[in-house]
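# Predicted coordinates and the sequence they were generated for:
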Amino acid sequence: MITEADAFADMQIIAAVNDDEILARNLLASKIIRDSMVDLKCYRGAASASQAYNQGLDETTARIVVFAHQDVFLPDGWAGQLARAIAQIEASDPDWAVIGAFGVDLQGRPVGHAWSTGLARRLGGQFDQPVETTCIDEFVIVLNRASGLRFDPALPGFHLYGTDIVLSAMAAGRKCYVADIPAIHNSRPVHGYAGGYSDAWHFMRSKWQDRLPVPTLTVPLGRTAWPLLRSRFKLWRTRAQRLARAGDPTTDPQEFVQHLAG
Ligand SMILES: [Mn+2]
C-alpha cells in the first residue's frame, strides 16, 4: 500500500512553461508545490511538449512523474488521491504505464473528473475504480517511470501528446488508466485547430495509420483529413458562443474546487 508520504517521496512534477503569471496563479499555488511536498521542475523555451517532458524525464529518478500544464491547479489532497489510485491499479497491474484525470474508455466514452474553465463546466464526476483508457487529456499526465516510456521527439508542438503516450504504451503491451484524481484546468477556450494543432494531427494520423480510426479528446484520427476540416468548421461556427460561455481563467482556481465535489 502506497501512503501519501511514500507518494510524495518518489514523485516529481514537471511543467513546460511559457507564461509565469499563469504558472504562479495555478500550478505554483497548488498546496503540494507551495509547501514543497513535491519538487516541481519547469522547462521554458522548448520547441515541443515532448522536448520539455523528455528533458524532465532525463533529469529525474523519481518513480512517479507528473506532467502538468502551467494552467492546472492541484487541489489540497491531490497526491493522496493519486497514491490511492496507484494502489488500486497496482493491485492488479503493477506494470501500468500512464494515469490521466480525463480521457476516453475502451468503449470510446469520455471518463474522468476535472473542472475546465475554458468550457466553464465540470467534466465527469466522482468514481471509484480507475478505468482503462485509450487516450487522455494532456493537462495532467502521470507516468510510471519504470515503464521506460518517453515522449516522441518527432511529435511537433504542444498537442496530442497525451494520445501519443497512451498509444505508445499500448504498443509496448502496457495499460493506461483514468483515475479519480480531479484537478482544475484553468484553461482558455480552444481557438482553432489550425497551425500547430493541424501539424500534430497529421503527424499522428501518419504515425498510427495501422490503428486508425483512433479517438482523441479533440479531433479523432482518421484516414482522411475530413474530421479535421469538419472540426475546424464547427469550432469557427461556435466561436462567439464558446467565448461568451467560457469562464475567466484569471480567477483564483481555488474558487473552482467547490465544483469538483459530488
Ligand atoms: Mn492547459
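Nice, thanks for sending it over. Numbering: from 1, shown residues only.
# what residues does the protein put near the ion?
69, 71, 187 (Cβ under 5 Å from the ion). The way it works is simple: take the backbone N, C-alpha and C, and place the C-beta from them, glycine included.
# repeat that with 8 Å
69, 70, 71, 72, 138, 139, 185, 186, 187 (Cβ under 8 Å from the ion).
# So what's the residue count around the third one?
With neighbours defined by other Cβ atoms under 10 Å, the count for residue 71 comes to 22.
# Can you give me the pLDDT of it?
At residue 71, the predicted lDDT confidence score is 97.
# tell me the contacts of it?
Taking Cβ atoms under 8 Å, 6 or more residues apart in numbering, we find residue 71 in contact with 22, 26, 27, 139, 185, 186, 187, 188, 249.
# The residue of the stretch 151-262 of the chain found nearest the ion: what's its closest spatial neighbour, skipping adjacent residues?
Scanning the stretch 151-262 of the chain for proximity to the ion using Cβ to the ion identifies residue 187 as nearest, at 4.6 Å. Spatial nearest neighbour of residue 187, excluding adjacent residues (Cβ to Cβ, 6 or more residues apart in numbering): residue 118 at 3.9 Å.
# Can you name the residue of this structure nearest the ion?
residue 69 (3.5 Å).
# What's the separation between that residue and residue 121?
18 Å (Cβ to Cβ, to the nearest Å).
# who has more neighbours, the two?
residue 69 (24 against 12).
# thinking again about what came up before, quick one: which of the residues of the chain next to the ion is nearest to residue 256?
residue 186 (7.3 Å; Cβ to Cβ).
# Could you count how many residues lie near the residue nearest to residue 174 when sequence neighbours are not counted?
Closest residue in space to residue 174, ignoring its immediate chain neighbours: residue 97 at 3.9 Å, by Cβ to Cβ, 6+ apart. For residue 97, the neighbour count with other Cβ under 10 Å is 24.
# Just to be sure, residue 87 is in a helix?
Yes - judged by DSSP: H, G, I helix; E, B strand; the rest coil, residue 87 forms part of a helix.
# Looking at stretch 19-34 now, give me its mean pLDDT.
96.
# right, and the residue nearest to residue 187 touches residue 247 too?
Yes - if you go by Cβ atoms under 8 Å, residue 118 and residue 247 touch, sitting 7.3 Å apart.
# what about residue 223, which helix or strand?
Using DSSP states H and E, residue 223 is not contained in any helix or strand.
# what residues are up against the nearest residue to it once chain neighbours are set aside?
Spatial nearest neighbour of residue 223, excluding adjacent residues (Cβ to Cβ, 6+ apart): residue 212 at 5.6 Å. The contact partners of residue 212, by Cβ under 8 Å, 6+ apart, come to 205, 221, 222, 223.
# Identify the residue nearest the geometric centre of this structure.
residue 138 (2.6 Å; Cα atoms, centre = their mean).
# got a pLDDT number for it?
At residue 138, pLDDT is 97.
# Now do the SS call for the residue lying closest to it once chain neighbours are set aside.
Nearest residue to residue 138, sequence neighbours excluded (Cβ to Cβ, 6+ apart): residue 162, at 4.1 Å. For residue 162, the assignment made with three-state DSSP gives helix.
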